[in-house]
Every structure is written in C-alpha cells, then in structure tokens.
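> this one's sequence-less:
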C-alpha cells in the first residue's frame with residue numbers, strides 16, 4: 001500500500017498572525033491521487049542534537065541541570081501540536097503549517113529558545129492523520145503511518161526575528177499577583193520610573209549582599 005512522504009522545506013515568521021506564529025513549509029508526496037488529508041503534526045525540540053556554549057549551558061540549567069548530567073537529562077521537549085486539512089493533489093503538493101510559538105519563560109520550550117545565542121534549533125515533526133484517496137469506485141480511507149516524520153534545523157535568528165515582531169527588544173514574565181504587588185510597592189517607594197529599573201535595582205542589591213557575605 002502506498003503512503004505519503006513529508007519533507008520540511010523551511011520556516012519563516014507568519015507576518016499576519018495575532019500572536020507569534022511560524023510557517024513551516026511542507027512538501028507532501030503520495031503516489032496515489034489524494035482527495036484530502038486530515039493531517040496532525042506534533043513538533044518536538046531535540047536538544048541533544050546540538051552543542052551549547054558556556055553562557056547557553058548556564059541558562060539551560062533550569063531545564064537540564066548541570067552539564068555533567070546532560071547525557072541523561074537532554075530529552076525531547078514538546079513545542080506544539082497542530083492540525084490542518086490538506087486539499088487534494090496528485091503527485092505532490094506544498095502547504096504552510098502554521099505553528100504557534102511562545103515567549104513564556106514558564107514554558108519549557110520558551111526557556112529553551114530564550115537561552116540560545118545563535119546556531120540552529122533541532123526540531124522533529126511527527127505526523128499522523130487520515131488520507132482520503134480517490135478511486136474508480138469512489139474513495140478509500142487510510143491512516144498516515146506513525147513512522148512518518150521530518151526533521152528541520154530552525155535558525156535561532158529566525159526564531160528571534162519572529163519574537164522581535166511581537167516583543168521588540170523585550171520579553172515578559174508571568175508573576176504571582178502578590179509578587180507583582182510587592183514589586184509595585186518597591187517601585188513606588190523608591191520612585192523608580194520603570195519596571196526594568198526596579199528589577200535592576202533589586203538585582204544590584206542582591207549582588208551587593210552576596211559580595212558582603214563573602
């Protein structure tokens with residue numbers, strides 16, 4: 001029985017989305033005349049497939065622990081799961097798979113992306129779904145085999161370009177309400193003009209305290 005083949009040709013920021021979205025260009029090949037494919041795709045990060053500089057390793061400690069343990073802790077991270085209806089085609093077709101990205105540093109994928117300085121992000125796209133095939137007597141239905149997959153190395157620069165469209169030169173943190181209220185009080189008591197300045201002052205105080213304890 002014939003089965004489809006999936007190849008990821010590249011990725012680019014989606015220019016018109018309401019939130020950070022990456023368009024992954026897929027080429028789908030099938031020897032049978034396809035009426036439609038109800039396609040599901042799970043995308044995972046494969047952190048073990050690249051090297052990391054010292055600064056990156058320090059920031060990745062939250063996710064993977066000390067580098068001495070990375071042989072055991074560098075496990076795939078879930079990025080997204082998306083579905084799309086692929087229109088009919090014969091031979092091959094190309095589509096854009098729109099994948100939402102997060103800048104939330106409470107999410108593992110967000111922490112991982114934010115820790116990288118340059119290079120590429122190793123991704124694997126795992127496919128499943130239902131293929132509707134035209135026949136002389138009508139249609140037949142078959143499943144996308146579970147072994148269908150494609151790998152893509154997403155440049156960190158492309159991810160940064162995407163985030164700069166929505167959060168130019170900045171990011172965001174989710175804080176508990178009581179923490180945010182305490183930070184607000186600190187900002188007001190010290191007449192600090194911006195939230196960045198308030199956090200810089202607190203970091204400076206923490207560094208000073210650490211130096212005094214040595």
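All right, it came through fine. This structure is a prediction, so every number in the text was calculated from the model and none was measured.
> Where does the prediction get shaky in the protein?
1, 214 (pLDDT under 70).
> How much space separates the residue lying farthest from the centre of it from residue 131?
Within the chain, residue 137 marks the point farthest from the mean C-alpha position, 43.0 Å out by C-alpha atoms, centre = their mean. In this view, residue 137 and residue 131 are 17 Å apart by C-beta to C-beta, to the nearest Å. (Each C-beta comes from the backbone N, C-alpha and C, glycine too.)
> neighbouring contacts of stretch 60-74?
Under the contact criterion C-beta atoms under 8 Å, 6 or more residues apart in numbering, stretch 60-74 has outside partners 47-48, 52, 57, 77, 108, 111-112, 115.
> Take the residues you listed and keep only those in strands.
residue 77 (DSSP state E).
> most surrounded residue in the contacts of stretch 60-74?
residue 47 (22 neighbours; other C-beta atoms under 10 Å).
> residue contacts, that one?
Going by C-beta under 8 Å, 6+ apart, residue 47 touches 60, 64, 74-77, 112, 122.
> switch to 7 Å and redo it
74, 77, 112 (C-beta atoms under 7 Å, 6 or more residues apart in numbering).
> thinking again about what came up before, can I get the contacts of stretch 60-74 in a markdown table with distance to residue 22?
A markdown table is the format used below for the contacts of stretch 60-74 (distance: C-beta to C-beta, whole Å):
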| residue | distance to residue 22 |
| --- | --- |
| 47 | 18 |
| 48 | 22 |
| 52 | 22 |
| 57 | 25 |
| 77 | 16 |
| 108 | 17 |
| 111 | 18 |
| 112 | 15 |
| 115 | 18 |
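> closest to residue 127 among the contacts of stretch 60-74?
Checking the contacts of stretch 60-74 against residue 127 with C-beta to C-beta, the nearest one is residue 77 at 18.5 Å.
> for the chain, which helix is longest?
helix 195-213 (DSSP state H).
> Against residue 194, how distant is residue 200?
9 Å.
> returning to what we had before: now intersect the contacts of stretch 60-74 with the helices, please.
Reading helices off the contacts of stretch 60-74 with DSSP H, I get 57, 108, 111-112, 115.
> Dump these into a markdown table; add distance to residue 184 as well.
Listed next are these as a markdown table, based on distance: C-beta to C-beta, whole Å:
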| residue | distance to residue 184 |
| --- | --- |
| 57 | 34 |
| 108 | 29 |
| 111 | 25 |
| 112 | 30 |
| 115 | 28 |
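> Tell me which two of these sit farthest apart.
57 and 108 (16.3 Å).
> any chance you could map the strands in the chain?
5-13, 21-45, 77-100, 120-135, 138-143, 149-155.
> Now distance to residue 186 too, for those, in TSV please.
Formatted as TSV, those follow (distance: least, C-beta to C-beta, whole Å):
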stretch	distance to residue 186
strand 5-13	36
strand 21-45	36
strand 77-100	34
strand 120-135	36
strand 138-143	57
strand 149-155	39
